[in-house]
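> Sharing a sequence plus its predicted fold:
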Amino acid sequence: MAQVMAERAATSRRPAGASIRIRNARKSYGTTTVLEHLDLDIEAGEFVTLLGPSGSGKSTLLNAIAGLENLTGGTIEVDGRDLTHVPAHRRGFGMVFQSYALFPHLTVAENVGYPLRIRHLNTRNRRARVEKYLQLVALDHVADRLPSQLSGGQQQRVSLARAMVFEPRVLLMDEPLGALDRNLRQALQFEIRKLQLEAGSTVIYVTHDHDEALSMSDKVALLNGGRIVQVAAPPELYRNPRNAYVAAAFGETSLLECTVLPGAGWLEAKLAHGGQALRLPATPDHTCTDGDGFLAVRPEMAAVTGPDDPHRHLLGSLTAVAFMGGIWRCEVRIGDETLIATAPSGRALGYRPGQEIGLTLDLDSLRLVAA
Ligand SMILES: Nc1ncnc2c1ncn2[C@@H]1O[C@H](COP(=O)(O)OP(=O)(O)OP(=O)(O)O)[C@@H](O)[C@H]1O
């Protein structure tokens, strides 16, 4: 009962995450422009990932939100308050970096308690809070060790607990799992998301790992060259990419060059290589509705069949086959381009590389995208 009441009390004083509104953010170093006219809206309690290739401006944007970098122009509002010129230490955000940045001479518990000490929390409350967060990251059994006596994954969990212990409204993370091996990354991805949902904080998370972004986030902002190309929930980004860059950024996609001709209720995609054509339902999800673009095909949208199948949509030549457990992964040549298709692996494929095959396509899911 006491436990339930304590948990209720903790819940009732739990701070909700803050909302963040970035408008027309710009950053230049001399003549080099790093962020350009960037807008981003983050709702309270959202987990938003900044994803993009090296040099696309992810860290610069995160550091500007943290107050560690000054913008050249634009504004950052947090819960409606303009924080653009407020220094980092006054923003009260938690931060986690790839390098754990723990104090080497302090124990795990002292490291986690540090943000509370500088906020002058009394010893009793400090102890209780440190214990709670060490339990949350499953490290209460190593509270008295020094960071050097921990593994990399454990050290990163300490820095996570230290960033969360003062229950910040905003938690900023810059590639926090970048130095860890794959298995540990996956375990910690799950843990971070669980902790964030529990605490209700707003998280902005930088990564260049697409799978990490898709699996953890409420929303992903995909950056390229200092601009946000598309920001949306992961299923939306996956299903309805705005252009070929976004389509290629998530999962495997075959992009076939085509020319689009609009019709009444349909769009015709004339493939640039091989001379075949395809009619798709004209929905608002296509971003190329007239002229040159790409037909974006995910492997699960294209199934291999016989060349004489009356339901086939395209013809191609099978060039390679791989057994992937649940499916056969098939590389199919169409003109000069390659399309990845699948076939169920419950039975023999029945076709060998070099053979002509047919493809049936999920026409409702295919997208015609701008370059
Ligand atoms: N102090 C600086 N002076 C000049 N250019 C800089 C400076 N800091 C960053 N840049 C440039 O700004 C661009 C964006 O850098 P940023 O670190 O934000 O990219 P990123 O997407 O986080 O990349 P990565 O994934 O490699 O960390 C890069 O081209 C970088 O060279």
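Nice, I can see it. Numbers count the residues shown, from 1 in each chain.
> Please list the residues of this structure that sit near the ligand.
Within reach of the ligand by C-beta under 6 Å from any ligand atom, the chain has these residues: 29, 32, 34, 52, 54-60, 208. C-betas here are computed from N, CA, C, even on glycine.
> would you turn the residues you listed into TSV with neighbour count?
TSV is the format used below for the residues of the chain next to the ligand (neighbours: other C-beta atoms under 10 Å):
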residue	neighbour count
Tyr29	9
Thr32	8
Val34	19
Gly52	25
Ser54	7
Gly55	13
Ser56	22
Gly57	23
Lys58	24
Ser59	20
Thr60	22
His208	16
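> which SS state does the closest residue to Asp309 other than its chain neighbours fall under?
Spatial nearest neighbour of Asp309, chain neighbours left out: Gly358 (4.8 Å); criterion: C-beta to C-beta, 6 or more residues apart in numbering. Under DSSP: H, G, I helix; E, B strand; the rest coil, the three-state class of Gly358 is strand.
> From the ligand, how far off is Gly358?
To the ligand, Gly358 is 42 Å away according to C-beta to the nearest ligand atom, to the nearest Å.
> neighbours around that residue, how many?
20 (other C-beta atoms under 10 Å).
> With the one 5 residues further on instead?
Taking other C-beta under 10 Å as the neighbour definition, Leu363 ends up with a count of 13.
> where's Thr70, which helix or strand?
Slight slip there: residue 70 is Asn, not Thr. Following DSSP states H and E, there is no helix or strand that holds Asn70.
> so who does the closest residue to it other than its chain neighbours touch?
Distances taken as C-beta to C-beta, 6+ apart put Ala64 closest to Asn70, at 7.4 Å, once the chain neighbours are dropped. Residues near Ala64 by C-beta atoms under 8 Å, 6 or more residues apart in numbering: 25, 27, 35, 70-71, 76.
> Is it correct that the residue nearest to Asp309 is in contact with Ser317?
No: in this structure, Gly358 is not within contact of Ser317 by C-beta atoms under 8 Å, at 11.0 Å.
> from the stretch 251-371 of the chain, which residue is nearest to the ligand?
In the stretch 251-371 of the chain, the residue found nearest to the ligand is Gly251; the distance is 20.2 Å by C-beta to the nearest ligand atom.
> and that residue, that's in a strand?
No: under three-state DSSP, Gly251 sits outside any strand and is assigned coil.
> circling back to that earlier point, beyond the helix or strand hosting the residue nearest to Asn70, next helix or strand please.
Secondary structure from DSSP H and E places Ala64 in helix 58-66. Scanning forward in sequence from helix 58-66 by DSSP H and E, the next helix or strand is strand 73-78.
> Can you spell out which helices and strands pack onto that following strand?
Packed against strand 73-78 by the contact rule (3 or more C-beta pairs under 8 Å, 6 or more residues apart in numbering; DSSP states H and E) you find strand 20-29.
> for the closest residue to Gly325 other than its chain neighbours, phi and psi?
Once flanking residues are discounted, Gly325 sits nearest to Ser345: 6.9 Å by C-beta to C-beta, 6+ apart. The phi/psi pair for Ser345 (degrees, to the nearest 10) reads phi -90, psi 0.
> I'd like the secondary structure assignment at the residue of the chain positioned farthest from its centre, please.
Relative to the centre of the chain, the most outlying C-alpha is that of Asp308, 41.5 Å out, by C-alpha atoms, centre = their mean. Using three-state DSSP, the structure places Asp308 in coil.
> Ok, the one 10 residues further on next?
When the structure is split into helix, strand and coil by three-state DSSP, Leu318 lands in strand.
> and the nearest residue to Arg169 once chain neighbours are set aside, how many neighbours does it have?
With C-beta to C-beta, 6+ apart as the measure, Ala18 is the residue that lies nearest to Arg169, at 3.9 Å, once sequence neighbours are left out. Using other C-beta under 10 Å, Ala18 has 23 other residues around it.
> Report the secondary structure state of Ala18.
Applying three-state DSSP: Ala18 is coil.
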